[in-house]
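Q: Take this sequence and fold it.
(one chain, ligands or ions: 2)
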Amino acid sequence: MQHPQLGRYPAARHIIAHVSDTHLLHGGAPLGGVADTVAALAQVSEQLERLGESLDAIVVTGDVADLGEPDAYRLARAALEPLAERRGARLVWVMGNHDERAAFRTELLGEPGGDWPVHRIIEVDGLRIIALDSTVPGYHHGELDDAALDWLAAALDEPAPQGTVIALHHAPIATPLALMDVIELRGQDRFADVVRGRDVRLILGGHLHYATNGSFAGIPVSVAGATAYTMDLTRSPRTLVGVDGGRSFSLVHFSPDDVVTSVVPVGRYAPVTTLDEDYLAELESLPPAERLERFSRKRERE
Ligand SMILES: [Fe+2]
Ligand SMILES: [Fe+2]
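A: Ligands and ions are numbered 1, 2, ... in the order given. A predicted model of the protein is given here:
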């Protein structure tokens, strides 16, 4: 059913849920003996369920498994795949430095194992999502070498009808955390040359374990906070303190002219105010001026 447009901006044409750094362990063991990563991901799934049919894709930007164990990938798949199938959303898995390509391939993608880079292109109703493998086997830093960038450049030669989103684990963005600089993405200058001036509307990343955003080569960059544990940015930037809280994921809303990313805290919270769908339907049925009187006009508290 077509709803009237109530404000300046049209409704989103595509909605992506951006989840990152689930760091699952075999058997669902707590990470660091503390963090219940399975419960956290189940909570994310419960929250995404409420989005209903509007969800087009779930993009998981790496470090799906903490140690690359096959069972950890099975847990990740069990947590998100039924939801994606019910909602008709594409599930896009992106390699992170904690992942192992062979197990990632067999358990998440249902493909024969292999240790070559896991680059993929997924098109969702005209919007192209490029999952780019920025990992270096045996290391935690990231790198986009000539082979990866040649592949990306060739893919971008053909624009997509609704533009492109690049999802990679090692986000090309500055961080205040000194130690994260050591394990940053290498090859960024050429990466910038490859994406600049193409149809890339947004770059999605993870790895930092806190929600942040910036830009790269003139393209917005959005980093999803982790679901496993998060970095405490109030500690000295010369330390790295991961804490059992502050989890979040992001939602990305695409309309033909705009991209907006929003951070969603992971958790169950008590409602403070609620206006239900019947109330919105009532507003939609009114002429615009009357909507202001009904919803915008300040009233004396009764
Ligand atoms: Fe991570
Ligand atoms: Fe990482």
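Q: Report the contact partners of whatever residue of the chain ends up closest to ligand 2.
A: Minimum separation of the chain from ligand 2 (Cβ to the ion) falls at H207, amounting to 3.8 Å. For glycine as for every other residue, the C-beta is placed from the backbone atoms N, C-alpha and C. Counting by Cβ atoms under 8 Å, 6 or more residues apart in numbering, H207 touches 20-21, 61-63, 96-97, 142, 169-171, 180, 183, 223.
Q: Same question for A17.
A: Shown in contact with A17 (Cβ under 8 Å, 6+ apart): 48, 51, 55, 57-59, 89, 249-252.
Q: And these, which two are furthest apart?
A: Spanning the widest gap among the contacts of A17 are A89 and S250, at 14.9 Å by Cβ to Cβ.
Q: Could you report the pLDDT at the residue of the chain closest to ligand 2?
A: H207 carries a pLDDT value of 98.
Q: how about it, phi and psi?
A: The phi and psi values for H207, taken as degrees, to the nearest 10, are phi 80, psi -30.
Q: For it, give its distance to P10.
A: H207 sits 33 Å away from P10, going by Cβ to Cβ, to the nearest Å.
Q: can you list the weak-confidence ranges in the protein?
A: 1, 301-302 (pLDDT under 70).
Q: Grab the longest helix from it for me.
A: Longest helix of the chain, by residue count under DSSP state H: helix 70-87.
Q: Tell me which residues of that one come out buried.
A: Residues of helix 70-87 classed as buried: 70-77, 79-80, 83-84, 87 (neighbour count, 16 or more other Cβ atoms under 10 Å).
Q: just stretch 242-256 next, same as before
A: 242, 246-254.
Q: go on, stretch 264-283?
A: For stretch 264-283, using 16+ other Cβ under 10 Å, the buried residues are 264, 266, 283.
Q: ok, residues contacting that stretch?
A: So stretch 264-283 is contacted by 6, 40, 43-44, 47, 227, 247-251, 291, 294-295 (Cβ under 8 Å, 6+ apart).
Q: One more pass at 7 Å, please.
A: Under the contact criterion Cβ atoms under 7 Å, 6 or more residues apart in numbering, stretch 264-283 has outside partners 40, 43-44, 47, 227, 247-251, 291, 294-295.
Q: and the longest helix of the chain, what does it pack onto?
A: Applying 3 or more Cβ pairs under 7 Å, 6 or more residues apart in numbering; DSSP states H and E, we find helix 70-87 packed against helix 37-49, strand 90-93.
Q: between that helix and helix 37-49, what angle do the directions make?
A: Counting by axes from the mean of the first three to the mean of the last three Cα atoms, to 10 degrees, helix 70-87 lies at 10 degrees to helix 37-49.
Q: what does helix 70-87 contact?
A: By Cβ under 7 Å, 6+ apart, the list of residues contacting helix 70-87 from outside reads 22, 24-28, 38, 41-42, 45, 48-49, 52-53, 55, 58, 64-66, 90-91, 103-104, 107-108.
Q: What's the local residue count around R235?
A: 12 (other Cβ atoms under 10 Å).
Q: same question but for V124, I mixed them up
A: V124 has 19 neighbours, counted by other Cβ under 10 Å.
Q: Looks like it contacts A89 (just checking).
A: No: between V124 and A89 there is no contact under Cβ atoms under 7 Å: 8.4 Å.
Q: what residues do these two have in common as contacts?
A: By Cβ under 7 Å, 6+ apart, the residues touching both V124 and A89 are 56-57.
Q: CA-only coordinates of stretch 102-115, as CSV, when you get a sec.
A: Taking only C-alpha atoms (Å, rounded to 0.1, in the frame of the first residue of the first chain), the coordinates of stretch 102-115 have been written out as CSV:
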residue,chain,number,x,y,z
ALA,A,102,38.2,-22.1,4.0
ALA,A,103,35.8,-22.5,6.9
PHE,A,104,34.1,-19.2,6.0
ARG,A,105,33.5,-20.5,2.5
THR,A,106,32.2,-24.0,3.5
GLU,A,107,30.1,-23.0,6.5
LEU,A,108,28.7,-19.6,5.5
LEU,A,109,28.6,-19.7,1.8
GLY,A,110,28.1,-23.4,1.2
GLU,A,111,31.0,-23.5,-1.2
PRO,A,112,34.0,-25.7,-1.4
GLY,A,113,36.8,-24.5,0.9
GLY,A,114,39.7,-22.5,-0.5
ASP,A,115,42.1,-19.8,0.7
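Q: Sweet, I'm off.
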